[in-house]
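A.B. asks: What would the 3D arrangement of this be:
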Amino acid sequence: MSTDKNILKEINNALQWHCESNFTKDYHKTVKALVNKLKKNKEFSMDSGKYLGWVAGILYVVGEDSGLFEPNNTMNDKLYYSKTELAEGVGVSITTMKARATNIREALPEGSKFEADITYIYDDGFEESFGKIMDSVDFPDIEKYRIYTEKAMRSQTYEDTVKYLEKAIEEAKKKINPADFNELDGTLWLERDARPYLQLKSDLAYVHFVEQQYYKAIKEYKEILKLNKLDNQGVRFNLANILLIARRFDEFEELTKEFDEDRSTFMMYARALYYFMNKDEVNAKRFIKMAFEANIYVPRYLLDMEMIEFPIPDQYNLGDKVEAMHYYELASETWLYAEGALYWLVDEFFEYVKKNDIEVDYDKEEVLNEVDAIYQMINNNK
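C.D. replies: You can find the predicted model right below:
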C-alpha cells in the first residue's frame with residue numbers, strides 16, 4: 001500500500017522547490033527525514049487525492065513541530081509563516097493542508113517530532129550598503145522610495161514591512177506636483193510620476209490584508225479609489241472581498257454601484273456571494289449564473305475539483321483557467337467566511353453544467369464529500 005514511485009517523485013520535487021525557495025537548509029533536511037519515515041510505513045500511502053495536498057501537509061507538520069507559525073519568531077531572528085500563507089504558497093486550501101497533516105500524524109509513531117532550525121540568515125551586506133546609501137545627501141528622491149521598497153520586501157516582520165512601505169510612500173509622494181491631487185480630480189493615475197505612489201499604497205493595503213488588518217486595508221484601498229476613480233490598478237476586487245469578510249455590506253453596495261458596469265469574473269463572483277450572504281436568493285442565483293458565464297473554471301478550484309498550478313502565471317485571458325486561479329488566490333478565504341457558501345456553490349454549479357451540457361470530471365456527491373471535509377476541518381479548528 002506504499003506510495004507510488006511516480007507520485008513520490010512529484011512530492012519530493014515539489015518539497016525541494018518549496019524548501020529551497022522559502023525555508024532553511026535544515027528545514028529541507030527535516031522534511032526529507034519525515035518523508036523517509038513515512039516510506040517505512042507500508043500501510044501508508046499518499047496516492048489518494050492531489051499530490052500538492054500531501055506536499056502542504058508535510059511542510060505543515062515540520063512547520064508545526066518547528067514553531068514556524070509563531071508570530072513572535074520575527075523578534076527572535078526566526079522564519080515566520082502564517083498557516084494561510086503556507087497553504088496558499090503550495091496552492092491548496094488551508095483545510096486540505098490540515099487534513100493531510102492529520103493523515104501524516106496518524107501514520108507516524110506516537111510522539112514523533114520533526115523539528116528544524118528555522119533561524120533566518122540576514123544579508124548583512126545589504127544592511128550595510130543600505131545604510132550608506134541612505135546617508136548620502138546627493139541621493140535623488142526617486143531612488144529613495146525604491147530603496148525603502150526593497151527594504152520592505154526584505155523585512156521579516158509585519159511592523160517593519162509597514163514602516164518601510166510608509167517611508168517609500170512618503171518619498172514617492174514628493175515626486176508628484178501637489179496641485180495634481182486636486183487638479184486631476186480622481187484621475188491621478190494619468191500622471192506617470194504619481195503611479196509609484198499609488199502602487200505603493202496598494203502594496204501597503206495588501207500587506208494589511210494578509211495580516212488580517214482589514215480596517216487598515218480598507219482605508220488604504222478607499223484612498224486609492226478617491227485618487228484613481230477609474231481604478232486602473234484593479235484594487236476594487238481586493239476591496240470587495242475584504243468588505244465581504246468584514247461584513248461591511250453597505251460599503252460593498254456603494255462599491256458595486258460605483259462599478260455597476262463591471263462584469264468581470266472577480267466582481268461577478270463577489271456580487272453573487274454578497275447576495276447569498278444576505279439571503280437574497282433571486283439575485284444570488286442571477287449573479288452566480290453571470291459569474292459562471294464570465295469564468296466556469298472558478299468552482300473547480302474553490303471546490304477542490306482541480307489543483308492550482310504553482311506558481312500561478314502572471315498573464316491570463318478573460319475566462320481561462322489562469323484567471324480562475326488568480327480569483328481563487330484572492331477570494332478562497334472569503335468563501336469560507338460565508339457560512340454554507342460552498343454547499344450553495346455546488347448546487348448552482350452542477351445545475352448550470354447540466355443545463356449547458358458541460359462535462360466535469362467529478363459527480364456531485366464526490367464534490368459534496370470534499371466540501372463536508374472542508375467544513376468539518378474548519379469546525380475542528382475552531
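
A.B. asks: could you list every residue that touches Leu345?
C.D. replies: Ile288, Pro299, Leu302, Leu303, Trp335 (C-beta atoms under 8 Å, 6 or more residues apart in numbering). Heads up, the C-betas are built off the backbone N, CA and C, glycines and all.

A.B. asks: Any idea which helix or strand in this protein has the lowest mean pLDDT?
C.D. replies: Between all helices and strands in the chain, the lowest mean by mean pLDDT, DSSP states H and E belongs to helix 124-134, at a mean of 42.

A.B. asks: Could you pull out the buried residues of whichever helix or strand comes after that helix?
C.D. replies: Counting by DSSP states H and E, the element after helix 124-134 in chain order, helix or strand, is helix 141-154. Buried residues in helix 141-154, counted by 16 or more other C-beta atoms under 10 Å: Lys144, Tyr145, Ile147, Tyr148, Thr149, Lys151, Ala152.

A.B. asks: quick check, nearest of the contacts of Leu345 to Ile218?
C.D. replies: Trp335 (19.1 Å; C-beta to C-beta).

A.B. asks: What backbone torsions are found at the residue nearest to Trp54 when sequence neighbours are not counted?
C.D. replies: Computed as C-beta to C-beta, 6 or more residues apart in numbering, the closest residue to Trp54 that is not its neighbour in sequence is Met46, at 4.4 Å. When read as degrees, to the nearest 10, the backbone of Met46 gives phi -110, psi 30.

A.B. asks: who touches stretch 108-116?
C.D. replies: By C-beta under 8 Å, 6+ apart, stretch 108-116 touches 23-24, 26-27, 29-31, 33-34, 37-38, 41, 61-62, 65-66.

A.B. asks: What of stretch 244-263?
C.D. replies: 214-215, 218, 225, 231, 236, 239-240, 243, 267, 270-271, 273-274, 277-278, 290, 294, 333-334, 337-338.

A.B. asks: Mind checking which of the residues you listed are buried?
C.D. replies: Buried members of those, scored by 16+ other C-beta under 10 Å, are 218, 225, 231, 236, 239-240, 243, 267, 270-271, 273-274, 277, 290, 294, 333-334, 338.

A.B. asks: Just the ones of these in helices?
C.D. replies: 218, 225, 236, 239-240, 243, 267, 270-271, 273-274, 277, 290, 294, 333-334 (DSSP state H).

A.B. asks: Just give me the closest of the residues you listed to Leu368.
C.D. replies: Taking these together and measuring to Leu368 by C-beta to C-beta, the closest member is Leu273, at 18.9 Å.

A.B. asks: Right, I'll leave it there.
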